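**Q** the following comprises the amino acid sequence and a computationally predicted model.
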Amino acid sequence: MDHTKPNTALFDVYLRLRPSTADTDRERFLDVEQLEQGYAPTHITIRPPVGDHRKRAVEKFAFTRVFEESSDQRELFESIGAINLVEGVLGAKGREGRDGLLATLGVTGSGKSHTILGSRSQRGVLQLTLDLLFNHTSPHLVDIDRSLTAFQSLSAADVAESQLLPAANFLDSIYADNTHTPSRGATPAFRGATPAPRGATPALVRDSVTPMSSIYMPGAFPSLSDSTSSHASTAKPSTSVFDRLYPSLATYKSPRSPTSQSPLKHYAQSSRVSQSILKLTSIAQESSFLGPPSSRRNFPRISTLPTHPSVDDVELNFDNSAEYAIVISMYEVHNDRIFDLLSSSAASAGRGQQKPRRALLFKSTEASPDRKVVAGLKKVVCSDLEEALLVLETGLQERRVAGTGSNATSSRSHGFFCIEVKKRHRGSIPGPWTSSTLTIVDLAGSERARVAKTAGATLAEAGKINESLMYLGQCMQMQSDNATATTPNLVPYRQCKLTELLFSNSFAHHGHNTAAKPPQKAIMIVTADPLGDFNATSQILRYSALAREVTVPRIPSVTSTILAGGNSKTNPYFTQSGRTTPSAVHEELESALQEIQRLKGDLEIAQLNLEDETHRRLATEVSWKVAESRIGEVEAEVREEVWAEMEARLELEMRRWRAARDVEVGMQGEHLDRKVEILTRGISVYEDDEDADKENVDQDVSGVGEKVLEVEDERVAELEDENAKLRERLANLEREKDVMRSPSKKMRVLKTRKWEGSGMGLDEIP
Ligand SMILES: Nc1ncnc2c1ncn2[C@@H]1O[C@H](COP(=O)(O)OP(=O)(O)OP(=O)(O)O)[C@@H](O)[C@H]1O
């Protein structure tokens with residue numbers, strides 16, 4: 001079988017077999033292949049029940065490891081690598097932790113909830129994880145009971161738009177009597193953050209309650225005076241009753257305050273939950289509270305919670321130089337919608353006013369653009385294991401559970417339990433909080449309506465459960481195929497909320513998103529009942545197993561059957577080889593029948609493979625469709641982005657242009673202003689100092705006049721010179737005329753013409 005897949009697949013897949021109930025007469029269809037002594041089994045085979053004549057093929061499946069019926073919770077917890085997963089979430093020294101995922105998958109009633117949540121007598125993986133975590137990190141937990149700043153820094157660091165609450169405030173808001181006034185010591189900041197206490201649980205309503213006014217109650221964040229107040233002693237209830245109710249609390253010593261008195265006092269002094277505890281104690285004194293629970297919404301009793309198995313001896317490697325906070329949140333996926341299990345309508349239900357639950361969104365937030373988160377969850381900061389268990393029990397009371405034909409307490413939703421580890425560098429100036437989450441998932445089981453005998457809403461729920469599990473199957477198969485494929489398929493995880501929640505952050509890391517830290521390899525525990533529903537179980541095993549092989553067992557000799565029948569229409573004494581002895585005929589018949597059986601087996605395998613291929617084809621078609629719609633979405637997103645970018649640029653250019661224009665207009669204005677100013681200044685100067693101006697003008701005019709006069713004088717001088725010359729010439733001519741008086745008429749005319757041609761007629765001469 002192919003064993004290369006598990007190394008690169010997203011999941012390690014374990015198979016856990018549940019012990020059968022004594023009263024069943026059903027046939028076992030599953031066998032575990034035993035390995036040599038000291039090796040844990042990894043393979044199983046399933047064969048169809050004897051009654052099923054259509055199928056004979058034996059299917060063999062490989063898993064990371066198979067846990068047989070005898071395996072207990074502690075063995076499973078250690079062997080599936082849950083401790084490493086917790087270490088990974090806490091992070092090595094100086095390093096951030098990485099997200100982890102642990103989930104169960106299986107047919108209804110196969111033991112998923114038993115594995116995750118345990119039973120009345122045994123703890124499940126979830127409780128063991130919480131115990132391990134608090135056991136080791138308690139001395140390193142930030143004390144939010146006393147430091148409002150620390151709490152505020154935690155709230156500010158949360159990226160999921162959540163409402164963060166200290167466990168004490170949360171529990172009081174659920175269980176405390178809604179008629180009592182807020183605790184004296186609660187800081188205004190927290191009073192604001194805490195919703196008004198909701199309706200009391202039926203148990204609280206039913207019984208007479210010691211008036212709270214007669215007891216002094218310190219708040220969640222008491223001042224020093226609170227802790228030293230003499231009133232504290234009045235608040236202490238009867239220790240014996242308290243111990244009966246909360247034996248684990250009575251023996252619990254807070255690692256943070258080794259010198260502190262009793263854990264009860266620690267609670268009474270530092271936490272509002274003390275009100276609930278005291279109230280319950282007083283009820284217990286007077287009522288039948290110690291009897292079996294009469295209502296789902298009773299205050300969870302720590303004393304009734306299992307303490308076995310213990311993980312006290314388990315070592316955990318983590319960064320003990322850092323400071324931590326452990327935050328619990330829980331939600332369920334019901335009918336493909338996400339609902340918070342901690343902000344439920346528990347109390348209002350107690351008052352008979354069940355409010356409709358508000359579905360939450362799984363999305364990227366402003367503070368978490370690279371990772372999708374369930375936004376708006378209520379998250380509870382727990383300081384110790386007891387608080388965490390109380391919160392867990394409170395959330396579990398809200399989970400959809402119903403009795404079906406297959407399971408008396410069948411989960412009708414996929415439950416998600418999130419343990420968020422916040423970590424920061426410890427020091428005088430603490431570093432920023434980093435966060436990593438261990439998500440433990442208890443999936444609802446697949447079921448067949450006929451077997452589960454469901455109807456109405458429960459049947460509709462089953463339809464949604466089966467549909468989401470079918471999509472999960474497709475994703476599991478594809479991610480497993482991708483591990484060896486050269487061209488990985490697109491895993492169609494966007495088909496429903498369940499697969500989106502389980503896969504989307506894992507695949508984002510495999511794509512372009514390199515900024516975010518990749519999650520750890522996830523753990524999938526497949527649960528199966530070897531005496532349960534063969535068809536449903538084999539279907540789950542097919543898509544969850546790491547490898548699969550189909551064989552058809554060799555058929556024993558059928559000669560005797562044929563001979564016994566004796567109704568063959570063929571001539572028994574005629575064979576293909578021509579041999580006609582009875583033994584030869586028998587031999588040939590035997591081999592022919594074996595050939596027929598072999599062909600039948602091959603056909604059956606081919607049919608199974610065809611079924612498988614059809615399943616894959618359908619899955620591929622679905623993923624193709626998902627890819628197409630994704631392409632459409634991406635195209636629309638890109639268009640919108642481009643459009644937005646273009647608009648932004650256009651806007652920018654417009655703004656630039658407007659700014660440039662404004663500058664220009666301003667400059668022109670300034671220029672004009674300056675001109676006007678100069679003009680105005682000129683006019684005013686003219687008006688104010690007219691005389692001075694006049695003088696200036698006269699001076700100017702005289703200067704110019706002098707120049708003009710000079711030029712004119714020169715010109716006059718020239719003209720006078722010329723005039724003088726002309727006069728002299730005229731005089732000369734007169735003299736010549738006198739000398740030559742009347743010699744000839746002709747001579748006179750010629751002289752006259754000559755003077756006319758020169759422009760200096762005698763007429764012109766003055
Ligand atoms: N390993 C086990 N050891 C003992 N009892 C078991 C084990 N596994 C399951 N059971 C018992 O079988 C019953 C059904 O188990 P469980 O409720 O865990 O099934 P499920 O798979 O969660 O069913 P659904 O999907 O309907 O919620 C319970 O009574 C449980 O205690």
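**A** It's in. Numbering: from 1, shown residues only.

**Q** okay, and residue 730 sits in which element?
**A** Take DSSP states H and E as the rule and residue 730 turns out to sit in helix 690-739.

**Q** ok, residue 627 next?
**A** helix 582-688.

**Q** repeat that for residue 463.
**A** With the criterion set as DSSP H and E, the secondary-structure element containing residue 463 is helix 456-482.

**Q** next SSE downstream of that helix?
**A** Using DSSP H and E, the helix or strand that follows helix 456-482 in sequence is helix 497-510.

**Q** ok, then the element right after the helix or strand containing residue 149?
**A** Residue 149 belongs to helix 148-157 when assigned by DSSP H and E. Secondary structure here is assigned by DSSP H and E; on that basis, the next helix or strand after helix 148-157 toward the C-terminus is strand 163-166.

**Q** CA-only coordinates of the helix or strand following that next one, as CSV, when you get a sec.
**A** Once strand 163-166 ends, the next helix or strand along the chain (criterion: DSSP H and E) is helix 167-175. What follows is helix 167-175, C-alpha atoms only, in CSV (Å, rounded to 0.1, in the frame of the first residue of the first chain):
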residue,chain,number,x,y,z
ALA,A,167,-14.1,34.0,33.4
ALA,A,168,-15.5,35.2,36.7
ASN,A,169,-17.5,38.0,35.0
PHE,A,170,-18.7,35.6,32.3
LEU,A,171,-19.9,33.0,34.7
ASP,A,172,-21.6,35.6,36.9
SER,A,173,-23.3,37.0,33.9
ILE,A,174,-24.8,33.6,33.2
TYR,A,175,-25.5,32.2,36.6
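
**Q** now helix 167-175: average pLDDT?
**A** The pLDDT scores in helix 167-175 average 85.

**Q** ditto for stretch 583-590
**A** In this model, stretch 583-590 has a mean pLDDT of 82.

**Q** now that stretch - C-alpha only, PDB.
**A** Coordinates of the C-alpha atoms in stretch 583-590 are reproduced here as PDB (Å, rounded to 0.1, in the frame of the first residue of the first chain):
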ATOM      1  CA  SER A 583     -11.400 -36.600 -14.000                       C
ATOM      2  CA  ALA A 584     -10.300 -34.500 -16.900                       C
ATOM      3  CA  VAL A 585     -13.800 -33.100 -17.300                       C
ATOM      4  CA  HIS A 586     -13.900 -32.300 -13.500                       C
ATOM      5  CA  GLU A 587     -10.500 -30.600 -13.700                       C
ATOM      6  CA  GLU A 588     -11.500 -28.400 -16.600                       C
ATOM      7  CA  LEU A 589     -14.800 -27.600 -15.000                       C
ATOM      8  CA  GLU A 590     -13.100 -26.600 -11.900                       C
END
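
**Q** and that stretch, what's buried?
**A** Judged by neighbour count using 16 or more other CB atoms under 10 Å, the buried positions of stretch 583-590 are 585-586, 588-590. For the C-beta atoms, the positions are set from N, CA and C on the backbone; glycine is no exception.

**Q** follow-up on the earlier one: tell me the angle of the helix holding residue 463 relative to helix 497-510?
**A** Per axes from the mean of the first three to the mean of the last three CA atoms, to 10 degrees, the angle that helix 456-482 makes with helix 497-510 is 20 degrees.

**Q** for helix 456-482, the averaged confidence score.
**A** So the average pLDDT for helix 456-482 ends up being 79.

**Q** now stretch 82-95
**A** In this model, stretch 82-95 has an average pLDDT of 92.

**Q** buried ones in it?
**A** By neighbour count with 16+ other CB under 10 Å, stretch 82-95 contains the buried residues 82-83, 85-91.

**Q** closest to residue 525 out of those residues?
**A** Taking CB to CB as the measure, residue 525 sits nearest to residue 82 out of these, at 9.9 Å.

**Q** so what's that closest one up against?
**A** Taking CB atoms under 8 Å, 6 or more residues apart in numbering as the criterion, residue 82 is in contact with 102, 125, 128-129, 523.

**Q** circling back to that earlier point, just checking, what packs against the helix holding residue 463?
**A** In this structure, helix 456-482 makes packing contacts with strand 11-17, helix 449-452, helix 497-510, helix 534-544, helix 582-688, judged by 3 or more CB pairs under 8 Å, 6 or more residues apart in numbering; DSSP states H and E.

**Q** please identify the most buried of these.
**A** The highest mean neighbour count among these, using mean count of other CB atoms under 10 Å, belongs to strand 11-17: a mean of 24.

**Q** how about that one, does it reach the ligand?
**A** No. Contact of strand 11-17 with the ligand (CB under 6 Å from any ligand atom) is absent, the minimum separation being 6.8 Å.

**Q** what pairs with that strand, parallel or antiparallel?
**A** strand 65-67 (parallel), strand 522-528 (parallel) (DSSP bridges).

**Q** got a markdown table for those, with distance to residue 357, mean neighbour count and mean pLDDT too?
**A** Formatted as a markdown table, the strands paired with strand 11-17 follow (distance: least, CB to CB, whole Å; neighbours: other CB atoms under 10 Å; pLDDT from 0 to 100):
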| stretch | distance to residue 357 | mean neighbour count | mean pLDDT |
| --- | --- | --- | --- |
| strand 65-67 | 36 | 21 | 96 |
| strand 522-528 | 28 | 25 | 95 |
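
**Q** nothing else from me, thank you.
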